[in-house]
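Student: Sequence first, then the predicted structure, then my questions.
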Amino acid sequence: MTPRQASDDRRPEGAGGLNPPPKPLVEMRDISIAFGGIKAVDGVSVDLMPGEVVALLGHNGAGKSTLIKILSGAYRADAGEILVEGQPAEIHSPRDAKRYGIETIYQTLALADNVDAAANIFLGREITTRWGMLDDATMESETRKVMARLNPNFRRFKEPVRALSGGQRQSVAIARAIHFNARILIMDEPTAALGPAETAQVGELVLQLKAQGIGIFLISHDIHDVFELADRVSVMKNGRLVGSARTADVTKDEVLGMIILGKCPEGAIPGPGAMVTG
Amino acid sequence: MRQLEIDPRLVGMLAALAVIWVGFDLLSGGAFLTPRNLWNLSVQTASIGIMACGMVLVIVTRNIDLSVGAILGFVGMVVGVAQARWLPEVLGLEHPATAFIAVALGIGVGGLIGLLQGGLIAYLGIPSFIVTLGGLLVWRGSAWWVTQGQTVAPMDGRFRMLGGGIQGAIGANASWILGALACIAIIAGMAMLRRRRLAFGFPVRPGWAEGLLMGLSCMAVLGAVAVANAYPIPAGVARRMAEAQGIPWPEEGLFIAHGLALPVIVALGVGIAMTVLATRTRFGRYVFAIGGNPEAAELSGVNTRRTLMLVFGLMGALAGLSACIATARLNAATNAAGTLDELYVIAAAVIGGTSLAGGLGSVAGAMLGALVMQSLQSGMVLLGVDTPLQNIVVGLVLVFAVWLDGAWRRRLK
Ligand SMILES: Nc1ncnc2c1ncn2[C@@H]1O[C@H](COP(=O)(O)OP(=O)(O)OP(=O)(O)O)[C@@H](O)[C@H]1O
Ligand SMILES: [Mg+2]
């Protein structure tokens, strides 16, 4: 079975019949990339519907971050193609990705430590006055608004991001991704440094964004969070896709089996990386 | 200090400058803090100060430019030959346009050289240290090549005004007007910023602190004007000027002030423009973001390569402008002009608080750094210290200043 067919089978039910099936927001087909000799991502296909949360799972070094960095324009795939709303998308740089409405929260956060929260949130998309000067006051006011949604206790607007705590920095990175009306949101371990209250807030945010029809790729190691937030999971192992499944069709233990052993359970669609069983 | 919200390091530098000035004044028996010496000091600082503004941006992006002195030398030769040989043939001698064409040519050629080097650094990924080290050799060699080593002189009369001197000072009245305008700009600017922050309900400085800062800034501006206006031009020249204007020459002489020197006004203008560029524009924001985290800047959608190339282009253009000032001051173009300037420029930026690790620095600091170094040098000249010892002192001060800055920053953490 080719991944192409697999993705067709996975369309949510009720989509058939007279109406044409809804188009996936994003399709990544047969994506491969190698660093030196290492195939970090090898023939992986994933897709994402509007208003859907797809969790990408896998052990450390499985290739999750590398895969989504191809979508966000940080890397260029050696092979494979990306479709946005059914159209082949040319994503050669982060700027291209943003043009398609793809926003990313990177695992490394990708913040410039020496400037403040507002400067980071608006980096590359600064608000300027009529004379082309930075409108710091407006940007700070917008920053206060979006940070209030994520982290109401945040006060240190004037300080370089370097001086913030890990969780505060993560909040800034999340704020940057959600402020610009993304259509496709990539969250690479967005809650790794967050406290329980802030994590809950991000969970709520994910559900809000989902309700607005935004598609979200969520990378997480927390299987409970994943089952709470995600509609589907795609599991990677050693750069290859083990399989994809709706969270409703599989148990947590089965997903753990996919992650650790690469064993694809009944309820899942196996990918090229699935362990061959007798 | 906290309520004033000013950079304590800037205050520290001003204090250091004050100590240096008063120290030299005491040691030289009052010869340092004279209008004449301070005026000369300001003119001597202009060329390095202008280049230091550009070097701040280069270093903030985690790069270095070792070629600025050589660019100055090469551009100086081009500018010199253009106005002494090419332009007179086309326009005739002392044509009013000559000076403007020469300056535009200097800035343009410098900028192109900078863009070329920046392109190699940004798009081909060659380390800036290597590209500009190569540039140092290439442009110094090219400077010789323009005239096979011959010195070119004299320069166009209007062009020479850029070098300062009696012709290149704007006189007392114009200086006062300029100073007053600067004060108005300072007050209006600070008030506008405050109103904006208040409109958004953001915290602002207490009123007294804002007033104090305005007052101090204006006093500094007017003080500088007063000093420049206290330096009279020599009696012989004054007399000729008076006679030319049909004013009778009085018995006790006539006090005609220099006023601010043109190269100093240009340098201050560059400093203000570069400060605005660095702190108030997208370009400046990108420069600092690249210095803080190049990868993050790229992932945020900043065109880091183009920004980097432009930073070097700007550095080259400023070196071109400095070449005009240096050539005008000397009234000659020599292929050795600007030798070792790259080191003084880098030192000025670093003394001014620019971190070689990138992401940190200010244009004002770099200009102050240039002034500190020039003060040390001319102070020692005044005391009759010979050149080798001067170099030793400047070298030690550079290392000491960077150590002090680092120690201060570590303590702050
Ligand atoms: N820029 C790079 N250069 C060389 N190798 C890389 C690079 N980026 C990733 N790799 C390699 O690719 C593989 C996949 O890395 P990736 O960061 O995608 O893993 P991951 O699934 O996100 O892991 P984690 O859960 O630890 O974040 C790893 O073996 C890693 O060493
Ligand atoms: Mg990762």
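Tutor: Right, received. Where do you want to start? Ligands and ions are numbered 1, 2, ... in the order given.
Student: Spell out which parts of the stretch 1-150 of chain A neighbour chain B.
Tutor: For the stretch 1-150 of chain A, the contact set with chain B under C-beta under 8 Å from any C-beta of the partner chain comprises A:72, A:74, A:93-95, A:98, A:104, A:106, A:108-115, A:119-120, A:123-126, A:128, A:132-134, A:137-138, A:140-141. C-beta here means a position set from N, CA and C on the backbone, and glycine is covered the same way.
Student: Mind checking what secondary structure the residue located most distally from the centre of chain A has?
Tutor: Distance from the centre of chain A peaks at A:Trp131, with 36.4 Å (C-alpha atoms, centre = their mean). At A:Trp131, secondary structure determined by DSSP: H, G, I helix; E, B strand; the rest coil is coil.
Student: Out of the residues of the stretch 1-150 of chain A next to chain B, which are close to ligand 2?
Tutor: Among the residues of the stretch 1-150 of chain A next to chain B, not one lies near ligand 2 by C-beta under 5 Å from the ion.
Student: Filter these down to the buried ones.
Tutor: Among those, the ones that count as buried by 16 or more other C-beta atoms under 10 Å in any protein chain shown are A:72, A:74, A:93-94, A:98, A:104, A:106, A:109-115, A:119-120, A:123-124, A:126, A:134, A:137-138, A:140-141.
Student: dump the residue contacts of the residue in chain B positioned nearest to ligand 2.
Tutor: At 14.2 Å from ligand 2, B:Leu299 is the closest residue in chain B, using C-beta to the ion. Neighbouring residues of B:Leu299 by C-beta atoms under 8 Å, 6 or more residues apart in numbering or on different chains: A:72, A:74, A:94, A:104, A:106, A:110.
Student: and the host helix or strand of the fourth one, average pLDDT?
Tutor: Secondary structure from DSSP states H and E places A:Thr104 in strand A:102-105. Per-residue confidence for strand A:102-105 averages out to 95 on the pLDDT scale.
Student: quick one on the thing from earlier: now the residue farthest from the centre of chain A: how far from B:Thr281?
Tutor: Relative to B:Thr281, A:Trp131 is positioned 10 Å away (C-beta to C-beta, to the nearest Å).
Student: and if you look at A:Gln168?
Tutor: Taking C-beta to C-beta, one finds A:Gln168 at 27 Å from B:Thr281.
Student: between the two, who's got more neighbours?
Tutor: A:Gln168 (23 against 17; other C-beta atoms under 10 Å in any protein chain shown).
Student: So B:Ala52 is in contact with B:Gly353, correct?
Tutor: No. Using C-beta atoms under 8 Å, B:Ala52 makes no contact with B:Gly353, being 11.6 Å away.
Student: can you map out the helices along the stretch 151-278 of chain A?
Tutor: A:166-179, A:196-211, A:223-229, A:252-261 (DSSP state H, counting those that start in this stretch).
Student: Report the angle between the longest one and helix A:166-179.
Tutor: For helix A:196-211 against helix A:166-179, the angle by axes from the mean of the first three to the mean of the last three C-alpha atoms, to 10 degrees is 10 degrees.
Student: in helix A:196-211, what counts as buried?
Tutor: Those buried within helix A:196-211 under the rule 16+ other C-beta under 10 Å are A:198-199, A:201-202, A:205-206, A:209-210.
Student: coming back round to it: can you flag which of the residues of the stretch 1-150 of chain A next to chain B belong to helices?
Tutor: A:94-95, A:98, A:119-120, A:137-138, A:140-141 (DSSP state H).
Student: now, among those, which is nearest to ligand 2?
Tutor: A:Pro94 (17.0 Å).
Student: what sits against that closest one?
Tutor: A:Pro94 neighbours (C-beta under 8 Å, 6+ apart): A:72-74, A:104, B:298-301.
Student: Excluding sequence neighbours, find me the nearest residue to the closest residue to ligand 1 within chain B.
Tutor: Here chain B gets closest to ligand 1 at one residue, B:Glu295, 10.3 Å apart by C-beta to the nearest ligand atom. Counting by C-beta to C-beta, 6 or more residues apart in numbering or on different chains, B:Glu295 lies nearest to A:Ala110, which is 6.5 Å off, once chain neighbours are set aside.
Student: From ligand 2, how far off is that neighbour?
Tutor: 13 Å (C-beta to the ion, to the nearest Å).
Student: repeat for A:Arg232
Tutor: Taken as C-beta to the ion, the span from A:Arg232 to ligand 2 is 19 Å.
Student: which residues does that residue contact?
Tutor: Taking C-beta under 8 Å, 6+ apart, one finds A:10, A:52-55, A:244-247 in contact with A:Arg232.
Student: hang on, isn't B:Gln167 packed against B:Arg160?
Tutor: Yes. With contact defined as C-beta under 8 Å, B:Gln167 and B:Arg160 form a contacting pair (6.4 Å).
Student: Counting neighbours, what do you get for B:Ala336?
Tutor: 14.
Student: before we move on, what about B:Ala273?
Tutor: So B:Ala273, with other C-beta under 10 Å, has 12 neighbours.
Student: A:Ala248 too?
Tutor: Count around A:Ala248 with other C-beta under 10 Å applied: 9.
Student: One more: B:Arg196?
Tutor: Per other C-beta under 10 Å, the neighbour tally for B:Arg196 reads 16.
Student: how about the host helix or strand of B:Val266: buried residues?
Tutor: Assessed by DSSP H and E, B:Val266 sits inside helix B:262-280. Using 16+ other C-beta under 10 Å as the test for burial, helix B:262-280 gives B:262-268, B:270-271, B:274-275, B:277-280.
Student: pLDDT on that helix, on average?
Tutor: Helix B:262-280 carries an average pLDDT of 94.
Student: And stretch B:100-118, by the same measure?
Tutor: Here the average pLDDT along stretch B:100-118 is 97.
Student: hmm, who's touching that stretch?
Tutor: B:65, B:67, B:71, B:74-76, B:78-79, B:82-83, B:87, B:128, B:131-132, B:135, B:139, B:156, B:159, B:162, B:308-321, B:323-324.
Student: let's go with 6 Å and repeat that
Tutor: Surrounding stretch B:100-118, the residues in contact under the criterion C-beta atoms under 6 Å, 6 or more residues apart in numbering or on different chains are B:71, B:75, B:78-79, B:82-83, B:131, B:135, B:159, B:309, B:312-313, B:315-317, B:319-321, B:323-324.
Student: now the nearest residue to B:Gln377 once chain neighbours are set aside, what's its secondary structure?
Tutor: Leaving out its chain neighbours, the residue that sits closest to B:Gln377 by C-beta to C-beta, 6+ apart is B:Gln390, at 6.0 Å. Three-state call for B:Gln390 (three-state DSSP): helix.
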